[in-house]
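Engineer: mind looking at a prediction? Sequence and model below.
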Amino acid sequence: MFDIVWRSLAIGIGATVLMDIWAFFLHVAFAQPRPNWGPVGRWVWHLRNKVFHDDIADASPYAQEVALGWAFHYAVGIAYGIILVLLAGTAWLAAPTFLPAFILGMVTVGAGWFLLAPGMGAGWAASKRPNPMQVRALNLVSHTVFALGLYGTALLIR
C-alpha cells in the first residue's frame with residue numbers, strides 16, 4: 001500500500017515539475033510571461049468566502065499568496081497523480097501507458113477553464129482575456145506536457 005501511495009505522489013510531483021520546466025522554457029525561448037502564482041494564492045485564500053471574483057486583483061491581498069499559490073499548484077498536481085493511479089489501477093504502475101495520462105491531462109484543462117479562470121475573473125476558458133485562444137492553446141499544450149510528465153515519471157519509477 002505504501003508503495004502505491006509514494007508512487008502516486010511522485011507521479012504528481014514529477015508531472016508538475018515537468019510542467020514548470022516547460023513554462024520556464026517558454027519564458028526563455030519565446031519570452032512568454034512566467035506563471036504568477038500570487039493571484040492563484042489570493043484566490044485560494046479567498047475561497048473560504050467567495051469562489052468567483054470579477055477580478056482577483058481587486059480582492060484584498062494575502063501576505064503569503066505567492067507561496068500559497070505555489071503550494072496549491074503542487075497540491076493539485078499531486079492530487080492528479082493520485083487520481084490517475086486510482087482510475088488507471090495499480091497494474092498501470094507496473095506497465096504505464098500514455099493514453100490514461102493523456103486523457104487525465106486533457107480533463108484537467110477543464111478545472112482551469114471552468115473553475116480557476118472564472119474564479120479569478122478571467123471568464124470561462126479565459127474568455128475575458130485579450131487573447132483567449134492563445135491562452136487556451138497554451139493550456140492544452142501545457143497539460144499535454146503535464147500528461148507526459150505523469151507518464152514519464154511512472155516509467156521512471158516502475
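Structural biologist: Looks like it arrived, so ask away.

Engineer: and V51, which helix or strand is it part of?
Structural biologist: Under DSSP states H and E, no helix or strand contains V51.

Engineer: if you skip the residues just before and after it, what's nearest to it?
Structural biologist: On the basis of Cβ to Cβ, 6 or more residues apart in numbering, the spatially nearest residue to V51 that is not a chain neighbour turns out to be G119, at 5.4 Å. C-beta here means a position set from N, CA and C on the backbone, and glycine is covered the same way.

Engineer: that neighbour is in contact with D55, isn't it?
Structural biologist: No: if you go by Cβ atoms under 8 Å, G119 and D55 don't touch, sitting 11.1 Å apart.

Engineer: need the contact partners of the helix or strand harbouring the residue nearest to V51.
Structural biologist: Here G119, judged by DSSP H and E, is contained in helix 117-120. For helix 117-120, contacts defined as Cβ atoms under 8 Å, 6 or more residues apart in numbering pick out P39, V40, W43, V51, F52, H53, D55, I56, G123, W124, A125, A126.

Engineer: for those residues, give me a markdown table that also has pLDDT.
Structural biologist: Shown next, in a markdown table, are the contacts of helix 117-120 (pLDDT from 0 to 100):
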| residue | pLDDT |
| --- | --- |
| P39 | 98 |
| V40 | 98 |
| W43 | 98 |
| V51 | 98 |
| F52 | 98 |
| H53 | 98 |
| D55 | 98 |
| I56 | 98 |
| G123 | 98 |
| W124 | 98 |
| A125 | 98 |
| A126 | 98 |
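
Engineer: most neighbours among those residues, please name it.
Structural biologist: Greatest neighbour count in those, by other Cβ atoms under 10 Å, goes to W43: 25 neighbours.

Engineer: tell me which helix or strand comes right after whichever strand or helix holds that residue.
Structural biologist: Assessed by DSSP H and E, W43 sits inside helix 37-46. Where DSSP H and E defines the elements, the next helix or strand beyond helix 37-46 is helix 65-88.

Engineer: taking helix 37-46 as reference, get the angle to that next one.
Structural biologist: Here the directions of helix 65-88 and helix 37-46 differ by 80 degrees (axes from the mean of the first three to the mean of the last three Cα atoms, to 10 degrees).

Engineer: tell me the confidence at the residue lying closest to Q64 once chain neighbours are set aside?
Structural biologist: Distance criterion Cβ to Cβ, 6+ apart; nearest residue to Q64, sequence neighbours excluded, is G41 at 7.1 Å. You'll see G41 listed with a pLDDT of 98.
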